[in-house]
Structures are given as C-alpha cells and as structure tokens.
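S.K.: below are the sequence and a predicted model; questions follow.
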Amino acid sequence: NVAGWVSIIVFDKTGTLTKGKPELVYFEHLENSSQAILSIIVSMQNSSNHPLAYAIKKKAREKNVPLLS
C-alpha cells in the first residue's frame, strides 16, 4: 500500500479544488499601474465565458476597474 508512505500532497489547483471555480486573489504589475493593466486584461476577457475570464471579471468588478472600448 503506497498511500501509507505519503506524508505530503501538493495540488496546483488551489481554489478550483476547494471551491469548484478559479479565483483571482491578487494581481500586481511591477512596471505599470496594476489597475490600468487589469483594465486592459478585463476588457479583452469581457465577452468570454471561460472560468478564468469570470475570475478576472469578478476581481475587476470588486476593484471598480473600468472597461475599455
């Protein structure tokens, strides 16, 4: 029984495993305004229905990030 030898398990999908959906927890851009960069990213993802796009759009709404045309 190999399971008896395992002491640590690491998952690369934190949030997806525990909540069933991805979540953008923190975003920072080191050279430009994080809000300006997030505005560009959320504007590009605005029409997407991908789960990662939803996570980006949710964080942008929480931070009142404006959409670009």
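M.R.: Cool, the structure landed. Residues are numbered from 1 along each chain as shown.
S.K.: can we go C-alpha only for contacts and neighbour counts from here?
M.R.: Will do.
S.K.: just list the residues touching the residue nearest to the spatial centre of the chain, thanks.
M.R.: Residue closest to the mean C-alpha point of the chain, counted by Cα atoms, centre = their mean, is Leu24 at 2.7 Å. Contact analysis of Leu24 by Cα atoms under 8 Å, 6 or more residues apart in numbering lists Ala55, Ile56, Lys59.
S.K.: top of those residues by neighbour count?
M.R.: Ile56 (22 neighbours; other Cα atoms under 10 Å).
S.K.: how about the contacts of Leu24 in CSV, adding pLDDT and distance to Asn32?
M.R.: Formatted as CSV, those follow (pLDDT from 0 to 100; distance: Cα to Cα, whole Å):
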residue, pLDDT, distance to Asn32
Ala55, 89, 21
Ile56, 90, 18
Lys59, 91, 18
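S.K.: so where is the protein shaky, pLDDT-wise?
M.R.: 1-7, 9-20 (pLDDT under 70).
S.K.: show me where it has helices.
M.R.: Along the chain, the segments classed as helices by DSSP state H run 16-19, 34-45, 51-62.
S.K.: and of those helices, who's closest to Leu68?
M.R.: Within these, the stretch nearest Leu68 is helix 34-45; the backing value is 5.6 Å (Cα to Cα).
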